[in-house]
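Q: Provided below for reference: sequence and predicted model.
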Amino acid sequence: MNSKKLKAFVQLSRPVNIFIILGSIPVACWIAGGTTQDSLFIFLAALTGALVTAGANAINDSFDIEIDRINRPNRPLPLGVLTQRNAQQMWFIVSVTAICINVFINPLALLIVIFAIVLLYYYSARLKRTIVAGNVVVGLMTGMAFVYGGAIVGHIEHALIPAVFAFLINFARELVKDVEDIEGDRKEHAVTLPVKYGIRPALILATLSLLTLISITCAVIKYSVYHSAFMYIVFIADMLMCVSGVMMWQGSSSINMRRVSSNLKLTMVIGLMAIIAGSL
């Protein structure tokens with residue numbers, strides 16, 4: 001395999017998303033009561049999350065190649081560096097590897113991984129082109145990373161707050177991305193919320209999701225769920241969500257929506273840092 005093709009496979013996996021997952025699952029395990037004795041299983045869980053994410057991104061690009069020719073022409077498949085078959089092969093290999101790893105962890109973890117792989121494939125094949133359902137799935141799967149981490153150490157309940165945080169921020173981000181991709185989705189007849197009912201309802205729903213999340217972080221502070229460090233760091237995340245909320249109403253151009261999407265991804269990272277600091 002030449003270096004150009006190898007680089008394309010890395011790009012296909014979306015390294016930033018994988019980095020977030022690699023950080024999220026160990027944090028979920030640790031928050032849920034994981035100890036150094038669980039280190040091997042935590043490492044395997046993080047590796048699993050990275051593999052499932054890489055596979056989901058690959059199969060998503062395989063189904064979205066025509067849309068990406070319009071919205072993201074610099075992706076590996078529209079450029080012709082990789083083929084749809086390459087993307088499908090990557091999905092199969094990393095998904096089977098993820099399942100095999102979890103055979104050696106525990107039955108609940110294995111079931112969560114199989115559920116995630118199947119649902120994410122169905123999302124790319126069908127749900128992504130439906131109203132809201134696809135957005136819910138992406139948010140749910142991001143939150144599921146924390147639930148999975150909790151399952152690794154046997155205390156799912158301790159992972160619920162970061163799971164809700166991840167769900168709401170990514171649900172909002174997916175709606176913003178739908179607005180960003182509206183031109184390509186219309187040409188490919190993808191029935192997303194902004195295509196079917198217009199940009200305004202999508203932005204309203206995204207705004208409500210962000211406001212709900214800000215309210216939850218305030219409740220977490222009020223009831224001292226985490227230490228005071230959480231309050232100081234999550235304040236930055238809340239401010240960034242407010243800025244993103246204002247930005248998304250200032251213009252629905254793909255460039256502006258991409259900036260909002262990037263801000264929300266950064267918010268997820270900062271929120272994760274807040275939970276880590278608050279749990280020390």
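A: Sure, I can see it.

Q: what's the spacing between Val132 and Tyr121?
A: Computed as CB to CB, to the nearest Å, the Val132 to Tyr121 distance reads 19 Å. (C-beta placed from N, C-alpha, C; glycine too.)

Q: Which residues outside stretch 188-208 are in contact with it?
A: Stretch 188-208 is contacted from outside by 66-67, 70, 128-132, 134-135, 171-173, 175-176, 178-179, 181-182, 184-186, 245, 248-249, 252, using CB atoms under 8 Å, 6 or more residues apart in numbering.

Q: What mean pLDDT does that stretch get?
A: Across stretch 188-208, pLDDT averages out at 91.

Q: end-to-end on that stretch?
A: 28 Å (CA to CA, to the nearest Å).

Q: Any buried residues in that stretch, and which?
A: Glu188, Ala190, Thr192, Leu193, Pro194, Val195, Ile199, Ala202, Leu203, Leu205, Ala206, Thr207 (16 or more other CB atoms under 10 Å).

Q: what's the answer for stretch 91-100, then?
A: Neighbour-count burial for stretch 91-100, counted by 16+ other CB under 10 Å, picks out Trp91, Val94, Ser95, Thr97, Ala98, Ile99.

Q: Which of those fall within strands?
A: Assignment to strands by DSSP state E places none of the buried residues of stretch 91-100 there.

Q: Of those, which belong to helices?
A: By the criterion of DSSP state H, membership of the buried residues of stretch 91-100 in helices covers Trp91, Val94, Ser95, Thr97, Ala98, Ile99.

Q: Stretch 29-49 spans what distance, first to last residue?
A: Where stretch 29-49 begins and where it ends lie 12 Å apart, using CA to CA.

Q: Identify all contacting residues around that stretch.
A: By CB under 8 Å, 6+ apart, the list of residues contacting stretch 29-49 from outside reads 21-22, 24-26, 98, 101-102, 104-105, 109, 113, 145-146, 148-150, 152-159, 162, 275-276, 279.

Q: again, but for stretch 15-26
A: With CB under 8 Å, 6+ apart as the contact definition, stretch 15-26 has outside contacts at 34, 42-43, 45-46, 48-50, 53-54, 57, 145-146, 148-149, 152, 162, 166, 265, 268-269, 272.

Q: now it, how far from the centre of its chain.
A: Distance of stretch 15-26 from its chain centroid, counting by CA atoms, centre = their mean, to the nearest Å, is 9 Å.

Q: Where does the prediction get shaky in the stretch 101-250 of the chain?
A: The model of the stretch 101-250 of the chain has no residue with pLDDT under 70.

Q: Where do the helices of it begin and end?
A: For the stretch 101-250 of the chain, the helices defined by DSSP state H, counting those that start in this stretch cover 107-125, 133-153, 160-180, 182-187, 193-197, 199-222, 228-248.

Q: With Lys7 as the reference, name the closest of those.
A: helix 107-125 (22.7 Å; CB to CB).

Q: tell me what that closest one is packed against?
A: When contacts are defined as 3 or more CB pairs under 8 Å, 6 or more residues apart in numbering; DSSP states H and E, helix 107-125 sits against helix 39-63, helix 84-103, helix 133-153.
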